[in-house]
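**Q** Fold the following.
(2 chains)
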Amino acid sequence: MIYKVISKAEFKRFIDTLVLNNPSFGPRQVDSDIRGDAVYHFLPVTSFDDIAFDYTATASSAKHFFLPFREELSRFAFHGQDWNQHINYDTNPIVLIGLRPCDISALNILDDVLLNGHFPSPYYLGKRKNTFVIGMDHLPRPDCFCKSMNHHSVQTGFNLFCSDIGEEYYLSINSSKAFNFLKEFNTRDPHDEDNCRLVERRKLISNSFLSEVDVTALPSILDIEFDSPVWEKWGNKCLSCGTCAMVCPTCYCYSVEESFAIDLNGATRQKRLYSCNLVDFAVVAGGHNFRPKNGDRLKYRYYHQHRGFAENANQQICVGCNRCGRACLAGINPKDVINDLRMEKESCLTNVSLSPGRT
Amino acid sequence: MPDKRFVIPRQDINREAFAASIPDFNRRSEIMKTDMGYKCSITNIVRLTEQEKLFQLHILESREREIFRFRPGQFLMLELPGYGEVPISISSSCSNHEFLELCIRKAGHVTSALFNVEKGAYVAVRGPFGSSFPMDEMSGNNILLIAGGLGMAPLRSPLSWINEHRERFENVDVLYGVKEPSQLLFTYQFDEWEMINHIRLHTIVEHGTAEWNSRTGMITDLFNDITINPATTYAIVCGPPVMFKVVCSYLDKLGIPMNRMFVSLERRMHCGMGKCCRCMVGSTFTCVDGPVFDYWSVMNLKEAI
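**A** Below is the predicted model:
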């Protein structure tokens, strides 16, 4: 890692040059929500001015650049009775500008799951290799709890990371590509004063977190509370719509579907992102559903997020961005569910609905 | 015109060595073309029962045939182009390197389509995936195989292994329960197993017919017919979800240690590689950590049985 300092004017020139020469995506305001807060989304950008650098967090995460909602896995071409299978890992380089530390942490977690497991995914590898990631720190939203998950700062997984230190950006350069680009611009080595300002900035961010979730020993609590009525309580609220998994930066579960081409001369195998909250997630052929209740499925999402699975060495995969909490139509957010599990709310056991779980 | 100095170079992974080579699913953790199947032709189809057929497959490329080596208990992903992929446990002997046998029940979208294909059609397989029964560890002991319904399909592979290495095992008992006599699988091999391989086969049906002259009842009734020495017995159980609970807790009470009871679980799988998370049980995946689990793991995994 090499550290440099760049003035904001020069940084603008740098981004403009990068954006001009490469397909680039950055946060842009697309709408405002019912409370009047801006809604941001990663969209194509053509100049520095397109990018809302002061955005808080996008509604949907940056994972869709790596795990598109629909992705072709392979293609079959039929010749009479015979067929041939083709796989193409084609990807084009893109620049992602303004990812938050939690978004980059999420990419690191996906790297762990999809590249370090038993069967590394070449589709993900191709996209990851061809993406130039520029990270940027930010002051947290009131409901962010990434500090609790220890993802409010990030050390790897990006090409360039920018910290706002007043009139300048403090750059952490993590790849030769980024270093080569920056050679053409005026940067300087950081002085002591800059380092102090960086530490101050980090302190400010760290102290600005309003939400906190106690995740100490959460995996074992999840195991112990497997039959807790908390799951039924929140399960009864859950609409099983799968929105949480769509906006989550680390949810990667998918289904594979095949379809014939319209002329019947070929077929494609597609991967589609899926959610463990959808009712047919664990249905086997013959119709048996291993998780028929909303609560069971909600529980599994929390299991995956906060306990992790073997592929990920049982690490928590939640980064604490609270996108799922903000997007949930039923008002379920991880902070409340985890607090309930910890029985920090005395009332949680008495409030449990006695109505039978919706299936 | 883009300024070359600021263009991010494209890294084409299609050009990397793995993209041109045949995937070897036994070499885990290596990057490979995991979605490329081995093309097979269906060399024979045997109708076993009303609902089940036995498909015999032959991997066409000799190089792929050499790579495809499995152990008893593993499964593969069977691809019918255009319809989809299904996880199917391998029913044939693992020493048969020429042909694969898959016992398939007509249950879903893909298997229904598969029942309409004829001999000579081309399908693809990916695999083998998953864990296997520790046959070497079991050597020198009594074996108790308990199958319910279609559970016989995954047990035929360890049974062939036992038959081929019969001298390594003491008593081998097979308890096999189905709903009706017409649903018994591999009936044509029963005599061979009993007479040649000295396997003690006990069958039971829930609803007997006029021609049925053997036991009727539940599979647990068969435990009265046999004597089990818990100290020297390994048990392998496979069947519908309800059966596991009853049978495993019975064997547990008998005193068979948890690490000597093996079950083969069934879940919905889409990838077979621990990526799609469809087959998660507790905190593990049926496809990479299973489908064969010992009873200790199953007890620890939530909602496993």
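**Q** where exactly do the strands run in chain A?
**A** Secondary structure of chain A (DSSP state E): strands at A:2-7, A:24-32, A:38-45, A:70-79, A:82-86, A:94-99, A:131-136, A:160-165, A:168-173, A:254-260, A:266-273.
**Q** can you list the ones you listed in a markdown table and add mean pLDDT and mean neighbour count?
**A** Yep, even glycine has a C-beta here, placed from its N, CA and C like the rest. Output for the strands of chain A, formatted as a markdown table (pLDDT from 0 to 100; neighbours: other C-beta atoms under 10 Å in any protein chain shown):
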| stretch | mean pLDDT | mean neighbour count |
| --- | --- | --- |
| strand A:2-7 | 92 | 18 |
| strand A:24-32 | 92 | 18 |
| strand A:38-45 | 92 | 17 |
| strand A:70-79 | 92 | 16 |
| strand A:82-86 | 92 | 14 |
| strand A:94-99 | 92 | 23 |
| strand A:131-136 | 93 | 22 |
| strand A:160-165 | 92 | 23 |
| strand A:168-173 | 92 | 21 |
| strand A:254-260 | 92 | 18 |
| strand A:266-273 | 92 | 19 |
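**Q** Can you tell me which residue sits nearest the middle of the chain?
**A** In the absence of a named chain, chain A is used. Residue closest to the average C-alpha location in chain A (C-alpha atoms, centre = their mean): A:Pro249, at 1.4 Å.
**Q** try again with chain B
**A** B:Ser89 (2.9 Å).
**Q** can you give me phi and psi for that one?
**A** Backbone geometry at B:Ser89, expressed as degrees, to the nearest 10, gives phi -80, psi 150.
**Q** wouldn't it be in contact with B:Phe75 here?
**A** Yes. If you go by C-beta atoms under 8 Å, B:Ser89 and B:Phe75 touch, sitting 4.4 Å apart.
**Q** what do the two both touch?
**A** Common contacts of B:Ser89 and B:Phe75, defined by C-beta atoms under 8 Å, 6 or more residues apart in numbering or on different chains, comprise B:Pro154, B:Pro291.
**Q** Strands of the stretch 51-200 of chain B, start to end?
**A** Along the stretch 51-200 of chain B, counting by DSSP state E, counting those that start in this stretch, strands occupy B:52-59, B:75-80, B:84-89, B:100-105, B:122-129, B:142-148, B:172-178, B:200-205.
**Q** what's the closest of those to A:Asp280?
**A** Counting by C-beta to C-beta, A:Asp280 lies closest to strand B:84-89 out of those; the figure is 14.5 Å.
**Q** Now B:Met152: closest residue in space that isn't a chain neighbour?
**A** B:Leu185 (4.7 Å; C-beta to C-beta, 6 or more residues apart in numbering or on different chains).
**Q** and that neighbour, how many neighbours?
**A** Residues within reach of B:Leu185, counting by other C-beta atoms under 10 Å in any protein chain shown, total 23.
**Q** For it, list the residues it contacts.
**A** Contacts for B:Leu185 were tallied using C-beta under 8 Å, 6+ apart; they are B:Leu48, B:Thr49, B:Glu52, B:Cys103, B:Leu150, B:Met152, B:Ala153, B:Val178.
**Q** what's the answer for B:Leu254, then?
**A** So B:Leu254 contacts B:Ile228, B:Pro230 (C-beta under 8 Å, 6+ apart).
**Q** can you list the domain ranges for chain B.
**A** Taking automatic domain parsing as the reference, chain B has its domains at B:13-129, B:135-300.
**Q** And the lowest-mean-pLDDT helix or strand in chain A, what's buried?
**A** Each helix and strand of chain A was given a mean pLDDT (mean pLDDT, DSSP states H and E); the minimum falls on helix A:218-224 at a mean of 81. Within helix A:218-224, the residues that count as buried by 16 or more other C-beta atoms under 10 Å in any protein chain shown are A:Leu218, A:Pro219, A:Ile221, A:Leu222.
**Q** could you measure the first one against B:Tyr234, distance?
**A** Right, the one you point to is A:Leu218. Separation of A:Leu218 from B:Tyr234 (C-beta to C-beta, to the nearest Å) stands at 37 Å.
**Q** ok, B:Asp294 to chain A distance?
**A** From B:Asp294 across to chain A, the span is 15 Å (C-beta to the nearest C-beta, to the nearest Å).
**Q** For B:Val75, list each beta-bridge partner.
**A** Small correction: residue B:75 is Phe, not Val. B:Ser89, B:Phe129 (DSSP bridges).
**Q** Pull the number of nearby residues for it.
**A** 29.
**Q** For it, give its distance to chain A.
**A** Per C-beta to the nearest C-beta, B:Phe75 is found 13 Å from chain A.
**Q** My guess is that residue contacts B:Gly130. True?
**A** Yes. Using C-beta under 8 Å, B:Phe75 is in contact with B:Gly130, at 5.4 Å.
**Q** For residue 34, give me the pLDDT.
**A** Unless you meant another one, I'm taking chain A. A:Ile34 is assigned 83 on the pLDDT scale.
**Q** wait, chain B
**A** So B:Thr34 comes in at 89 (pLDDT).
**Q** and what of the one 5 residues further on?
**A** B:Lys39 carries a pLDDT value of 93.
**Q** Check which helix or strand it maps to.
**A** If you go by DSSP states H and E, B:Lys39 is part of strand B:38-47.
**Q** who's in contact with that strand?
**A** By C-beta under 8 Å, 6+ apart, strand B:38-47 touches A:85, B:22, B:53-61, B:64-65, B:67-68, B:99-100, B:117-126.
**Q** buried set for it?
**A** Going by neighbour count (16+ other C-beta under 10 Å), the buried part of strand B:38-47 is B:Tyr38, B:Lys39, B:Cys40, B:Ser41, B:Ile42, B:Ile45.
**Q** Just name the closest of those to chain A, please.
**A** Here the nearest of the buried residues of strand B:38-47 to chain A, counting by C-beta to the nearest C-beta, is B:Lys39; it sits at 7.6 Å.
**Q** partners of that closest one in the sheet?
**A** In this entry, B:Lys39 is beta-bridged to B:Ala124, by DSSP bridges.
**Q** Distance check, it against B:Arg156.
**A** 24 Å.
**Q** care to break chain A down by domain?
**A** A:2-68+A:93-207, A:218-253+A:274-349.
**Q** Quick one: closest of the ones you listed to B:Ser29.
**A** domain A:2-68+A:93-207 (6.1 Å).
**Q** can you give me the offset of that closest one from its chain's centre?
**A** Offset of domain A:2-68+A:93-207 from its chain centre (C-alpha atoms, centre = their mean, to the nearest Å): 13 Å.
**Q** Go back to the buried residues of helix A:218-224 and keep what's next to chain B.
**A** Applying C-beta under 8 Å from any C-beta of the partner chain, the subset of the buried residues of helix A:218-224 adjacent to chain B is empty.
**Q** Could you save those as JSON lines and add columns showing distance to A:Cys276?
**A** JSON lines is the format used below for the buried residues of helix A:218-224 (distance: C-beta to C-beta, whole Å):
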{"residue": "A:Leu218", "distance to A:Cys276": "18"}
{"residue": "A:Pro219", "distance to A:Cys276": "17"}
{"residue": "A:Ile221", "distance to A:Cys276": "20"}
{"residue": "A:Leu222", "distance to A:Cys276": "15"}
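**Q** returning to what we had before: mutual contacts of B:Phe75 and B:Gly130, please.
**A** What both B:Phe75 and B:Gly130 touch, as defined by C-beta under 8 Å, 6+ apart, is the set B:Gly272, B:Pro291.
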